[in-house]
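S.K.: take this sequence and fold it.
(one chain, ligands or ions: 2)
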Amino acid sequence: MPQRITGTVMGSSGTCNGHHHTTGQDGARLVGKEPWWKSAVFYQVYPASFKDSNGDGWGDIPGLISELDYLVSLGVDCVWLSPVFDSPQKDMGYDVSNYQAIYPPYGTVEDVETLTRQCHERGMKLILDLVVNHTSVEHAWFKESRSSKDNPKRDWYIWKPARYDPDGRRLAPTNWRGYFACPTWTWDETTQEYYLHLYASDQPDLNWENDECREAIYEDTMRFWLDKGVDGFRIDTVNKYSKRTEYVDAPVTDPRWESQPAPEMWCNGPRIHEFIHEMNQKALAPYGAVSVGELSNMAGPPEVLPYHDPPGYGRWLGPKYIYQPYALSKLKSHVAQFQTFIEGTDGWTTVFCENHDNGRAVNRFGNVSTPELWAASAKTLALWQATLTGTLFLYQGQEIGMVNMPRDWGIDEYKDVESRSFHGDAVRSGDKQRLADTMHGLQILGRDHARLPFQWDGQAKNGGFTTSDHPWMRVHDGFPQINVRKQSGDPESVLEFWKKALRLRKQHADVFVLGAFRHLEEQDEKRYVYMKECNVPVAEHGATPSAPKRALVVMNWSEQVQKPVDVVHLLGCGEKQARLLLTTAAAAAAAEERQPLLGDDLQAWEGRIYVNF
Ligand code: GLC
Ligand code: CA
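M.R.: Ligands and ions are numbered 1, 2, ... in the order given. Next comes the predicted model:
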């Protein structure tokens with residue numbers, strides 16, 4: 001059966017939420033009948049920053065291979081490797097110049113083959129990051145395409161003639177604004193036309209309308225790697241392949257900018273479902289490949305499920321880095337929406353709060369002001385993630401509570417094309433307040449934070465990431481406090497908490513992975529409480545017959561002590577049936593012994609799971 005998950009990452013701008021849509025499912029809710037990837041834990045590796053094996057300051061594939069046992073011990077089922085293909089690295093490998101070669105600092109094609117084998121030997125799977133909305137300007141296809149108007153590959157990219165204003169000034173074909181604070185068109189001198197790029201000008205968009213181009217994508221990127229044994233792909237920007245073909249101006253919604261947000265022109269275009277269906281039929285399904293797609297810039301669940309023809313999009317292509325505080329109630333409603341929209345459908349969702357495009361969750365949602373609050377909130381965020389419905393994606397370093405760069409690091413430490421571009425824009429505006437606001441936003445939301453080198457060892461040079469004197473990105477000064485070595489084996493650590501939470505998630509996948517989500521106390525800005533419930537009667541687990549198996553998640557998302565909730569009432573069971581399954585509290589093991597802890601106040605950033613089974 002074709003196994004396809006298409007998914008979304010909503011709002012790199014701030015909200016971190018995920019929703020994936022699957023097809024071909026029988027709707028069964030029993031774990032045994034579900035495909036492996038539903039209850040699997042996916043772990044995203046950002047290769048440049050994970051582990052350097054040869055001391056050149058860049059993480060690499062042999063480095064990753066050397067830490068596979070660590071991933072097994074964490075409970076990882078599938079590794080998602082961010083792009084390792086050959087690339088000039090203008091957008092950290094999301095600009096591919098050769099899909100069949102590996103960027104030499106990362107290793108070789110043989111290294112990927114070894115990695116695949118080594119994952120499989122440990123019972124893990126491997127998916128690669130497939131970036132086929134665009135290539136690098138350095139890709140041979142683009143070099144040909146730009147060489148002349150009658151080149152056979154001219155139509156593999158999107159070329160348009162200039163427009164001219166009444167004074168004869170050259171204008172781009174449309175007024176569209178792209179992702180990285182720049183227009184979507186770049187003028188090419190050789191053939192005197194513009195090419196389209198939704199991201200940086202080094203990332204020209206492929207023309208999916210061209211049949212030959214699509215076939216080349218399937219053959220050269222997907223089948224090539226599936227033939228080598230990889231298990232599937234995380235598919236970058238999967239909802240951008242089909243553009244509206246009228247190429248007209250977007251309405252002027254922000255007169256301060258020369259170019260205007262125009263996602264309705266290039267998001268979920270008229271042929272998107274045809275393209276994805278074809279890609280699945282021709283390239284993925286024959287291999288039984290798993291795929292998870294990134295759907296950014298979606299308005300919400302109604303657009304995700306049918307996945308076409310959305311009316312109004314989130315217009316966050318504007319001032320993305322002007323930070324807006326995020327109320328807990330807003331987060332709750334977002335999460336609830338994307339937890340419940342799959343009910344009664346054959347759709348599927350994902351769970352994540354970090355990736356390489358966002359700042360660290362513990363800074364954003366938790367509290368890093370003291371070591372105690374840092375640990376408590378990192379654990380509570382783990383408990384939150386581990387109890388939500390969907391396929392769980394964990395991002396490297398999240399499991400040890402890695403944090404954002406220190407505030408006193410200047411813009412020079414930010415390497416990301418997007419951060420630099422928004423910052424540059426603010427500098428050029430001459431507006432001091434805007435610059436200060438942008439820097440503040442970058443300190444919270446910037447994509448660079450999650451890209452800092454992984455912190456393995458508090459006693460080793462560069463936290464054990466590299467022996468080089470020149471790591472590609474500066475190592476966080478706090479690595480002696482936050483690292484794997486310090487946390488391994490310490491029952492109170494964030495890392496050991498994650499392991500425990502993931503084990504429980506799998507053990508009770510019927511409730512945590514597949515169960516129905518019901519939120520409670522929607523408006524409370526401090527307590528975060530919800531119920532997970534599955535239609536497997538508790539009877540199967542030895543208690544009151546016919547009551548559904550339930551888990552009550554109670555978290556304190558604040559520094560102030562909170563009153564307990566009425567656990568017995570909410571679980572709908574007798575006091576004897578209510579049981580504390582997990583708590584983030586210090587000396588957790590002891591607390592879990594001292595059952596059932598029903599009436600205790602919730603300490604700062606404490607989280608608990610009560611169950612009726
Ligand atoms: C996706 C990636 C992001 C990249 C962009 C362009 O959003 O997650 O890192 O910059 O696509 O490929
Ligand atoms: Ca290296």
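
S.K.: how many neighbours does His449 have?
M.R.: Using other Cβ atoms under 10 Å, His449 is surrounded by 27 other residues. For glycine as for every other residue, the C-beta is placed from the backbone atoms N, C-alpha and C.

S.K.: so who does it touch?
M.R.: The contact partners of His449, by Cβ atoms under 8 Å, 6 or more residues apart in numbering, come to Asn358, Gly359, Arg360, Asn363, Val403, Asn404, Met405.

S.K.: one more pass at 6 Å, please.
M.R.: Residues near His449 by Cβ atoms under 6 Å, 6 or more residues apart in numbering: Gly359, Arg360, Asn404, Met405.

S.K.: so the second one versus Pro204, what's the distance?
M.R.: When distance is defined by Cβ to Cβ, to the nearest Å, Arg360 is 32 Å away from Pro204.

S.K.: also the first one?
M.R.: Using Cβ to Cβ, we find Gly359 at a distance of 29 Å from Pro204.

S.K.: and stretch 604-613, end to end?
M.R.: Using Cα to Cα, to the nearest Å, the end-to-end distance of stretch 604-613 comes out at 27 Å.

S.K.: now that Leu445 has come up, it's in contact with Ala361, right?
M.R.: No - contact criterion Cβ atoms under 6 Å: Leu445 and Ala361 do not qualify, at 11.5 Å.

S.K.: where along the stretch 101-250 of the chain do the helices fall?
M.R.: 109-121, 140-147, 211-217, 224-227 (DSSP state H, counting those that start in this stretch).

S.K.: possible to save these as TSV with mean neighbour count?
M.R.: Formatted as TSV, these follow (neighbours: other Cβ atoms under 10 Å):
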stretch	mean neighbour count
helix 109-121	17
helix 140-147	18
helix 211-217	16
helix 224-227	17
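
S.K.: of those, which is nearest Trp187?
M.R.: Closest of the helices of the stretch 101-250 of the chain to Trp187 is helix 140-147, at 11.4 Å (criterion: Cβ to Cβ).

S.K.: what sits up against that closest one?
M.R.: Against helix 140-147 from outside (Cβ under 6 Å, 6+ apart): Thr135, Asn151, Lys153, Arg154, Trp156, Tyr157, Asp188, Pro204.

S.K.: regarding the chain, what is its longest strand?
M.R.: If you go by DSSP state E, the chain has its longest strand at strand 527-537.

S.K.: coming back round to it: mind checking which of the helices of the stretch 101-250 of the chain is nearest ligand 2?
M.R.: Ligand 2 sits nearest to helix 109-121 of all the helices of the stretch 101-250 of the chain, at 11.2 Å, using Cβ to the ion.

S.K.: so for the closest one, what's the average pLDDT?
M.R.: For helix 109-121, mean pLDDT rounds to 98.

S.K.: just the CA trace of that helix, in CSV.
M.R.: Extracted C-alpha coordinates of helix 109-121, given in CSV (Å, rounded to 0.1, in the frame of the first residue of the first chain):
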residue,chain,number,x,y,z
VAL,A,109,27.2,8.7,-1.8
GLU,A,110,28.9,5.6,-0.2
ASP,A,111,28.6,7.2,3.2
VAL,A,112,24.8,7.6,2.7
GLU,A,113,24.7,3.9,1.7
THR,A,114,26.6,3.0,4.8
LEU,A,115,24.3,5.2,6.9
THR,A,116,21.2,3.5,5.4
ARG,A,117,22.6,0.1,6.1
GLN,A,118,23.6,1.1,9.7
CYS,A,119,20.2,2.5,10.4
HIS,A,120,18.5,-0.6,9.1
GLU,A,121,20.8,-2.9,11.2
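
S.K.: and that helix with ligand 2, contact?
M.R.: No - on the criterion Cβ under 5 Å from the ion, helix 109-121 is out of touch with ligand 2, staying 11.2 Å away.
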